[in-house]
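Visitor: here's my sequence, what's the structure:
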Amino acid sequence: MKLSRFSGIILSLFVILAFSGLVFAGSAGDEALQKLLDGNKRYVEGKFASKDLGDSRRTEILKGGQHPFATIISCSDSRVPPEHIFDQGLGDIFIVRVAGNVVDPIALGSIEYGVEHVHTPLLMILGHSDCGAVKATMETKGEPEGNIGAIVKKIQPAVKKAKKKGGSKDEILETAIKENVMNVYADVMKSPVVKELVHEGKLKIVVAEYNLSNGKVEMLELPKVKHEMKKSEHKAEKKTEKAH
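Guide: Numbers count the residues shown, from 1 in each chain. Sure, this is the predicted structure:
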């Protein structure tokens, strides 16, 4: 009985860590993240790796299919091209770009394709400083309309939270940018496909912010999804008890 309870605690702890963003994908996800960080370091220093962008590489990825090592959801801002800021070449990263790096069913479907069908062990949610979409949301008065309004509505909760925390206009903007990234993470984690891959240890999810001024990518700390943690912990304990 003691052994059963101990096993349940260990299993529950693993599930808690998984849903709080601390344990995913093992070495494959870690290696993929390191590749991105190493590439960003080269980008900042201006020491770019040599890349084959010619006929041979195009033929290789056409015949052999695509095998990117990371999926990235990022903003459409022309100053934030993931291939460049991470110093990667053709076929290296699977990218989903939308203003404000927000997700809807279409963007989420693209993310699911990247992590489930293309099998990338890493998913990065990437925001950036001085984000125009977040700025526009801060300045919006009244009910947002049209297609751009749909983007504004997705970002509004982050702006409201940032304004509550207070600070200067620039501080509120920076807080809203970070809050928006965390909200996107929460939306992504609602995907059954993503959640299952995380639970199986096949996917590592990280959140980050790109600094337009210095070119550096800063890793952010993932929030704890309390509801999911408790629910998963309860299920894990029940499953362990039944097994014994």
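Visitor: when you work out contacts or count neighbours from here on, use the C-alpha atoms and nothing else.
Guide: OK.
Visitor: which pLDDT value belongs to residue 234?
Guide: Residue 234 carries a pLDDT value of 40.
Visitor: correction: the previous question concerned residue 142.
Guide: On the pLDDT scale, residue 142 gets 83.
Visitor: and it, how close does it get to residue 206?
Guide: Applying CA to CA, to the nearest Å, the value for residue 142 to residue 206 is 34 Å.
Visitor: for residue 61, which non-adjacent residue is spatially closest?
Guide: Leaving aside its chain neighbours, residue 61 sits nearest to residue 91 (6.8 Å; criterion: CA to CA, 6 or more residues apart in numbering).
Visitor: okay, now the domains of the chain?
Guide: For the chain, the structural domains run 1-20+224-244, 21-223, going by automatic domain parsing.
Visitor: what's opposite the residue positioned nearest the centre of the chain in the beta bridge?
Guide: Geometric centre of the chain, nearest residue: residue 125, 2.4 Å, by CA atoms, centre = their mean. Note on residue 125: beta-bridge partners by DSSP bridges are residue 73, residue 207.
Visitor: touching, it and residue 72? I think so.
Guide: Yes. Counting by CA atoms under 8 Å, residue 72 is a contact partner of residue 125 at 6.0 Å.
Visitor: thinking again about what came up before, comparing the domains of the chain, which comes out most buried?
Guide: The highest average neighbour count among the domains of the chain, using mean count of other CA atoms under 10 Å, belongs to domain 21-223 at a mean of 18.
Visitor: so what touches stretch 134-152?
Guide: 99-100, 102, 133, 153, 155-156, 159, 173, 176-177 (CA atoms under 8 Å, 6 or more residues apart in numbering).
Visitor: format those residues as a markdown table; extra columns: distance to residue 210.
Guide: As requested, the contacts of stretch 134-152 are arranged in a markdown table below (distance: CA to CA, whole Å):
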| residue | distance to residue 210 |
| --- | --- |
| 99 | 14 |
| 100 | 13 |
| 102 | 15 |
| 133 | 15 |
| 153 | 23 |
| 155 | 18 |
| 156 | 21 |
| 159 | 19 |
| 173 | 14 |
| 176 | 14 |
| 177 | 11 |
